[in-house]
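Student: Have a look at this fold, sequence not included:
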């Protein structure tokens, strides 16, 4: 091998080694700096925070949710404070939020069917859906508060949660023959419930009707739309 070629290769190797050493030193210093200030026995929370899945407003706060934590924006002093499992949340995978102003109660739902409620600075977990024995997904897609009840739109149907007794009041399986049917959202117009499902928009009257009976739910016929949209 010519001497000039050998010298060139040696210079390249030395340059690569310098870069590797520099990166190693930088990484060590960074971790060392981040480690300073954390007391022994304490944890620091490191989770992605760029994806927002839900947003609610209370008289004092605007609360946003990522899949991993809540962020409380104080409307008075403009500060932002995180709230996560370290502070008392029971799970990861937040999927929906709802706020009941009458009871000053925040509902936090998760992808596995778990949900918490935060009231008076205290978190309480309601694991009933997560622990239910039926097969299939249990994700809570949306929460709608109507009167004293919170209605949870889930992968399998709708769950009615009584916010006064803190108990699940009813579960609606509104698919064919009472089968599970994913409900992505729910609303109420004063006399009827409307459910956005995997098989289209369903509706049922609420006055004297057993909403847990699938036969009381009908598909909404929307005129003027292409057939493929009404079947979504």
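Tutor: Perfect, I can see it now. Here the structure is a predicted model, which means the values were calculated and not measured. Numbers count the residues shown, from 1 in each chain.

Student: I'd say residue 99 and residue 106 touch.
Tutor: Yes. Counting by CB atoms under 8 Å, residue 99 does reach residue 106; the two are 5.3 Å apart. C-betas here are computed from N, CA, C, even on glycine.

Student: quick one: contacts for the residue most central in space within the chain?
Tutor: By CA atoms, centre = their mean, the chain has its centre lying nearest to residue 95, at 1.6 Å. Taking CB atoms under 8 Å, 6 or more residues apart in numbering, we find residue 95 in contact with 53, 54, 67, 109, 110, 111, 139, 140, 141.

Student: Find the helix or strand that it is a member of.
Tutor: According to DSSP states H and E, residue 95 maps onto strand 94-100.

Student: what about stretch 61-76, start to end distance?
Tutor: Stretch 61-76 has an end-to-end distance of 8 Å (criterion: CA to CA, to the nearest Å).

Student: re the thing from before, what do residue 99 and residue 106 both touch?
Tutor: 56, 58, 63.

Student: now, which of the residues you listed sits nearest residue 203?
Tutor: residue 56 (25.8 Å; CB to CB).

Student: Starting from residue 104, give me the distance back to residue 91.
Tutor: The gap separating residue 91 from residue 104 is 22 Å, by CB to CB, to the nearest Å.

Student: what about those two, which has more around it?
Tutor: Remark: of residue 91 and residue 104, residue 91 carries more neighbours, 19 against 13, as counted by other CB atoms under 10 Å.

Student: Tell me the spacing between that one and residue 125.
Tutor: From residue 91 across to residue 125, the span is 8 Å (CB to CB).

Student: Give the intersection of the neighbour lists for those two.
Tutor: In contact with both residue 91 and residue 125: 114, 116, using CB under 8 Å, 6+ apart.

Student: Which positions in stretch 117-129 come out as buried?
Tutor: Across stretch 117-129, burial judged by 16 or more other CB atoms under 10 Å covers 117, 118, 126, 129.
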